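J.: dropping a prediction and its sequence here:
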Amino acid sequence: MKKLLTISLLALSTATLAFTDKAEVLNVEEVFKAKIYQTPYEECWSEDIPVYSQQADNSYTDEIFGGILGGVIGNQLGGGRGNKAMTVAGTLLGASIANDSSKTSGTKVVSYKQVRQCETRYKQERKEVVDYYMVNAKYNGREFSFKADTMPGSFVTVSVSPVN
């Protein structure tokens, strides 16, 4: 029991003998890494946009002409009792086609106006930045190295504790 108590007291007393001191910095080397920076910029241009006019055509001339032409073609194709059916079908189909055609051709480009368009783009730039500092120092005749996040001065603080 006395041995255990003596060893415990010895261990406790050596732990309390730890202290801080200064070590001389011998060399510092910057270690770099590549970093990509994105810088936004706006790119603008002018674009010609068509201006349309909707023409109101209250005339049924196209439909009537389409119906007559369709009826004539239907009459030529039909024979016997189917002649009348083909004439009616041709008339209706011709009028319908003419009506659809007049609706799609009712919009016309009357002029153009310039519109300013803009878009955000990014310029990428690669830069070398310091990642950390590799420090070589000397304490009590022994050299050692370590990484540091900041540039040290001429001396660094070291923690010293006795070892059996």
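T.: Structure's in. What do you need?
J.: can we go C-alpha only for contacts and neighbour counts from here?
T.: Noted.
J.: show me where this structure has helices.
T.: 2-15, 61-77, 82-104 (DSSP state H).
J.: and the ones you listed, which one averages the lowest pLDDT?
T.: Mean pLDDT is lowest for helix 2-15 among these, at a mean of 49.
J.: give me the number of residues near L77?
T.: Counted with other C-alpha atoms under 10 Å, residues neighbouring L77 total 13.
J.: that one contacts N83, correct?
T.: Yes - if you go by C-alpha atoms under 8 Å, L77 and N83 touch, sitting 7.3 Å apart.
J.: for the protein, longest strand please?
T.: In the chain, assigned by DSSP state E, the strand with the most residues is strand 19-54.
J.: parallel or antiparallel, which strands does that strand pair with?
T.: Sheet pairing of strand 19-54 (DSSP bridges) gives strand 107-139 (antiparallel), strand 155-160 (antiparallel).
J.: for V130, list the residues it contacts.
T.: 30-33 (C-alpha atoms under 8 Å, 6 or more residues apart in numbering).
J.: spatially, which two of the residues you listed are the most separated?
T.: Distance extremes for the contacts of V130: the farthest pair is E30 and K33 at 10.0 Å, using C-alpha to C-alpha.
J.: could you check which of the two has the larger neighbour count?
T.: Applying other C-alpha under 10 Å to E30 and K33 shows that E30 carries more neighbours, namely 16 against 11.
J.: my guess is that one contacts N136, does it?
T.: No - using C-alpha under 8 Å, E30 is not in contact with N136, being 11.7 Å away.
J.: excluding its backbone neighbours, what's nearest T120?
T.: Sequence neighbours aside, E42 is the residue nearest to T120 in space, at 4.5 Å (criterion: C-alpha to C-alpha, 6 or more residues apart in numbering).
J.: ok, now which ones touch that neighbour?
T.: 118-121.
J.: now do T150
T.: T150 touches 132-133, counting by C-alpha under 8 Å, 6+ apart.
J.: let me know the pLDDT of it.
T.: pLDDT, T150: 93.
J.: over to the one 3 residues further on?
T.: G153 is assigned a predicted lDDT (pLDDT) of 92.
J.: number of nearby residues for the closest residue to I73 other than its chain neighbours?
T.: Of all residues not flanking I73 in the chain, G90 sits nearest, at 6.6 Å (C-alpha to C-alpha, 6+ apart). The number of residues packed near G90 is 25, by other C-alpha under 10 Å.
J.: gap between G90 and R81?
T.: 15 Å (C-alpha to C-alpha, to the nearest Å).
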